[in-house]
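Novice: Quick one, structure for this:
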Amino acid sequence: MILFIQDEQGQYAPATSKVIIKEGLSRTRAALKKGTDYIGSSDEAKEAISTLLVKKQREVFGCLFLDSNHKIIKWTEMFSGTIDSTVVYPREVVKEALRVNAASVILAHNHPSGNSNPSRQDIKLTRMLKEILLVIDVLVLDHIIVGDDVTSLSDNGQC
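Specialist: Numbering: from 1, shown residues only. Presented below is the predicted three-dimensional model:
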């Protein structure tokens, strides 16, 4: 299948992979702006988040903050680390959740190695953040790990 794009003069030409990826990322970022989309399943969360983290060369941890109707308030890249780890400060996650008035959150990070299986540290962090955020009435709905595949800890019963 060939996709075509229209240039400024109204002419159509085959779209390059680079143009398609750039447009896809642009549309994903637009969809993740406040109130523009609803996250109703782990598949929707994985789709929304994976395009933002898939090509990162270092580990990035972010949060998709949602209102009480699971509409997106904001995507925030919270922490950036090295090729195989990042430090997550729960205090900062709590501060951001309160600042944006979130009712729930979907945690997410990437594994630049491509292996999307959760580590023991990933599961421990998820449980810790879940307990801490519950104190301020913010529910952790899922933790998405992006590698060559995309894993939902909620789907695996680990969230």
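Novice: Backbone dihedrals for residue 87, please?
Specialist: phi -100, psi 130 (degrees, to the nearest 10).
Novice: what sits against it?
Specialist: The neighbourhood of residue 87, defined by CB atoms under 8 Å, 6 or more residues apart in numbering, consists of 79, 81. Every C-beta, even on glycine, is put in place using the N, C-alpha and C of the backbone.
Novice: so what's residue 152 up against?
Specialist: 42, 45-46, 142-144, 159.
Novice: Repeat the analysis, applying 7 Å as the threshold.
Specialist: 42, 46, 142, 144 (CB atoms under 7 Å, 6 or more residues apart in numbering).
Novice: Among these, which one has the most neighbours?
Specialist: Neighbour counts for the contacts of residue 152, by other CB atoms under 10 Å, peak at residue 144, which reaches 28 neighbours.
Novice: I'd guessed it sits against residue 44; true?
Specialist: No - applying CB atoms under 7 Å as the test, residue 144 and residue 44 come out as separate, 10.8 Å apart.
Novice: before we move on, the earlier item: need the contacts of residue 152 in TSV with distance to residue 92 and pLDDT, can you?
Specialist: Output for these, formatted as TSV (distance: CB to CB, whole Å; pLDDT from 0 to 100):
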residue	distance to residue 92	pLDDT
42	25	85
46	24	90
142	19	96
144	19	96
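Novice: Tell me the one of those nearest residue 66?
Specialist: residue 142 (10.5 Å; CB to CB).
Novice: Which element, helix or strand, includes the nearest residue to the closest one once chain neighbours are set aside?
Specialist: Nearest residue to residue 142, sequence neighbours excluded (CB to CB, 6 or more residues apart in numbering): residue 154, at 4.0 Å. For residue 154, there is no helix or strand it lies in under DSSP states H and E.
Novice: On the pLDDT front, check residue 154 for me.
Specialist: At residue 154, the model reports a pLDDT of 92.
Novice: and it, how many neighbours does it have?
Specialist: Using other CB under 10 Å, residue 154 has 18 neighbouring residues.
Novice: For it, which residues are in contact?
Specialist: Contacts of residue 154 (CB under 7 Å, 6+ apart): 42, 141-142.
Novice: how close does it get to residue 79?
Specialist: Distance, residue 154 to residue 79, by CB to CB, to the nearest Å: 21 Å.
Novice: what does residue 94 give?
Specialist: From residue 94 to residue 79 the distance is 14 Å (CB to CB).
Novice: Thank you, goodbye.
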